[in-house]
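J.: Here is a sequence with its predicted model. Questions after.
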Amino acid sequence: MKTVTAMALRHMKNAGEKIACLTAYDASFAVLLEGAGVEVLLVGDSLGMVVQGQASTLSVSMDAMVYHTTCVARGITRSLLVADLPFLSYATPERALDNAGRLMAAGAKMVKLEGCSASVLETVHRLVQWGIPVCGHLGLLPQSVHTLGGYRVQGTEPDRATAILDEAEALQNAGAELLVLECVPVTLAKRITEALSIPVIGIGAGVHCDGQVLVLYDVLGIVLGKRPRFAHDFMQGNTSLHDAIAAFVRDVKRGAFPGPEHSYGT
Ligand code: KIV
């Protein structure tokens with residue numbers, strides 16, 4: 001694998017080559033993931049749930065994100081390292097700039113934030129102006145779980161679907177270079193992927209996205225509660241961690257994952 005940049009991901013989209021992305025929280029798994037061909041490693045604030053045992057991502061601190069980003073950065077040389085800005089760390093563009101700067105200093109090459117409010121769009125613009133690449137996140141927004149009323153599929157009503165498409169275009173226009181789309185119907189994800197020139201990475205968004213991301217623990221069959229519909233245990237049929245991760249990469253690349261059983265209809 002060559003060094004992965006935002007530009008390289010855009011070339012992959014244009015060439016129809018699917019992008020494999022997984023979450024990572026420490027150096028040892030980072031080495032394993034890069035070695036198995038995972039192009040994008042996301043230090044997700046999902047670490048609040050899978051590492052810290054919290055019920056949601058809301059309590060994850062900036063210090064925790066910086067710590068785990070530093071750990072993952074030590075394990076990789078070529079994969080693109082994206083780190084989440086946690087809950088309220090980008091409540092104003094000024095706070096976002098300070099906190100994104102901390103993640104970049106820790107080794108991130110791009111930061112991710114959720115939603116598309118006027119303040120988020122201004123923040124994306126500001127970060128990009130200062131040389132910080134940005135990944136947006138639309139659909140199910142885990143940091144807004146209490147306003148969404150739970151972890152459920154988004155954009156099933158036509159009005160909401162159109163609104164998410166508009167938001168995706170607004171994020172791209174503000175300068176975002178990558179978009180994570182979580183838990184939306186397959187048809188909506190397809191429309192958004194076709195409408196955008198930046199790559200769209202899906203989780204529970206169907207097979208038509210430019211790439212797929214999953215939480216590493218779900219891929220390895222380590223699930224504390226109910227496994228989400230979009231997750232798949234790649235340890236089944238594989239006898240090593242490396243083989244399971246390589247199977248995820250292979251299935252993403254050949255469009256075999258996600259299948260209809262991992263996806264949502266209209
Ligand atoms: O925090 C995270 O791990 C994420 C992925 C689920 C996309 O945002």
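T.: The structure has been received and is ready for your questions.

J.: Leu220 and Asp243 touch, don't they?
T.: No. Contact criterion Cβ atoms under 8 Å: Leu220 and Asp243 do not qualify, at 11.3 Å. In short, each C-beta sits where N, CA and C put it, glycine included.

J.: who's more crowded, the two?
T.: Leu220 (19 against 14; other Cβ atoms under 10 Å).

J.: Name the nearest residue to the more buried one, sequence neighbours excluded.
T.: Met235 (5.7 Å; Cβ to Cβ, 6 or more residues apart in numbering).

J.: Any residues of the chain in contact with the ligand? List them.
T.: 23, 42, 44-46, 84, 180, 182, 203, 213, 215 (Cβ under 6 Å from any ligand atom).

J.: mind redoing it with 8 Å?
T.: 23, 42, 44-47, 57, 84, 112, 114, 137, 142, 180, 182, 201, 203, 213-215 (Cβ under 8 Å from any ligand atom).

J.: picking that back up, looks to me like the residue nearest to Leu220 is in a strand.
T.: No. Assigned with DSSP: H, G, I helix; E, B strand; the rest coil, Met235 falls outside any strand and is coil.

J.: Which residue would be the closest one in this protein to the ligand?
T.: Gly44 (2.2 Å; Cβ to the nearest ligand atom).

J.: how near is that residue to Val82?
T.: From Gly44 across to Val82, the span is 9 Å (Cβ to Cβ, to the nearest Å).

J.: go on, Ala106?
T.: 12 Å.

J.: out of these two, which sits in the busier spot?
T.: Val82 (29 against 19).

J.: Spell out the secondary structure type for the nearest residue to Ala83 once chain neighbours are set aside.
T.: Nearest non-adjacent residue to Ala83, counting by Cβ to Cβ, 6+ apart: Ala108, 3.8 Å away. Following three-state DSSP, Ala108 is assigned to coil.

J.: which residues does Ala108 contact?
T.: By Cβ atoms under 8 Å, 6 or more residues apart in numbering, Ala108 lies in contact with 43, 69, 73, 81-83.

J.: ok, which stretches of the chain are strands?
T.: Under the criterion DSSP state E, the chain carries strands at the ranges 19-23, 40-43, 80-84, 110-112, 134-139, 178-182, 200-203, 211-214.

J.: ok, and for stretch 73-91, which residues are buried?
T.: 73, 75-76, 79-87, 89-90 (16 or more other Cβ atoms under 10 Å).
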